[in-house]
Every structure is written in C-alpha cells, then in structure tokens.
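> sequence and predicted structure, then a few things I'm wondering about:
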Amino acid sequence: MTDATQEQVEELDEQVEAAIENAEAAAEEAEAAAEAAADEVADRIDELAEAASAAAAKAAAAASDAAAQAKALASDAIDDAGEFLDDATEWVQAKYRENPALVLGVAAAAGAALLVGIGAIVRAVTRD
C-alpha cells in the first residue's frame, strides 16, 4: 500500500471513529433527555394524584358537614314539632274543659272534611 492510500485509510478510520463517537454521544444525550422527560412526567403524575386526593378529601369533608347540618336541622324540626304538639294538646284539653260540645263539634267537622277530601282524591284517581 502506498503512503497516500495509507493516509486515506487512516483518515477514513478517523472519520468513522469520530462518527461512532458522535453517535454514542448523541445516544447518551437522547437517553439522558428521555430519563429527564420520564422523571418530569412522573413528577406531574404525582402532583395530579395529590391534587385529586386533596379534592376528594375536601369533597368528602363537605359532604360530611352537609350531612351533619341536615341531621341537626332535622333534629331541631322534630323537637319543634313535638313542642307544638304538646302545646296543641294542652290547648285542646283546656278548650275541652271550657266547652266540651264545641271541641267535639270541631273535631267531628274536621273528620268529615278529612273524609270528603279523601273521597275526592279517590274519585279523581279512579276516574278514567
């Protein structure tokens, strides 16, 4: 082999080695970029999971508070209704002591009105 050919072979070897080194460096950079992207995606997924968990916890707390408030309101309404019935019973008993015929007449009229109302509802439902 001549010196010129030898120089060309060596130059070609150097270019091939440089191309291989460049390809390896590019592969390393691509691998590092892929790892960085994977880490970033994992971080974002963790953040989204934490945000979803926090939102679910807030929603559960709000639902629990709403249920507790509804329970308290229902309890107050039942207590108020009980007090009203006690007061109404006392009032009817006092009125009965004053005028039993009037109380019995009002009760009979209320019963008759109730029967007429039930009859009207039954007629309306059964009418074709």
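Received the coordinates, thanks. Numbering: from 1, shown residues only.
> against which helices or strands is the longest helix seen in the chain packed?
The longest helix of the chain (DSSP state H) is helix 3-98. With contacts defined as 3 or more Cβ pairs under 8 Å, 6 or more residues apart in numbering; DSSP states H and E, the packing partners of helix 3-98 are helix 100-126. Every C-beta, even on glycine, is put in place using the N, C-alpha and C of the backbone.
> which positions in the helix it packs on come out as buried?
residue 103 (16 or more other Cβ atoms under 10 Å).
> that helix vs helix 3-98, what angle?
For helix 100-126 against helix 3-98, the angle by axes from the mean of the first three to the mean of the last three Cα atoms, to 10 degrees is 140 degrees.
> next one: helix 100-126 to chain centre, how far?
Centroid displacement of helix 100-126 relative to its chain, using Cα atoms, centre = their mean, to the nearest Å, is 47 Å.
> mind checking which helix or strand of this protein has the lowest mean pLDDT?
Lowest mean confidence among the helices and strands of the chain (mean pLDDT, DSSP states H and E): helix 3-98, at a mean of 87.
> contacting residues for residue 120?
With contacts defined as Cβ atoms under 8 Å, 6 or more residues apart in numbering, residue 120 has no neighbours.
> what's the separation between it and residue 112?
Between residue 120 and residue 112 the distance, using Cβ to Cβ, to the nearest Å, works out to 13 Å.
> near residue 96, how many other residues are there?
Applying other Cβ atoms under 10 Å, we find 14 residues neighbouring residue 96.
> heads up, I number from 403, so please use that
Okay, residue one is now 403; in that scheme the one you just asked about reads as residue 498.
> not counting sequence-adjacent ones, nearest residue to it?
Distance criterion Cβ to Cβ, 6 or more residues apart in numbering; nearest residue to residue 498, sequence neighbours excluded, is residue 505 at 4.5 Å.
> isn't that neighbour right up against residue 499?
No: using Cβ atoms under 8 Å, residue 505 is not in contact with residue 499, being 9.2 Å away.
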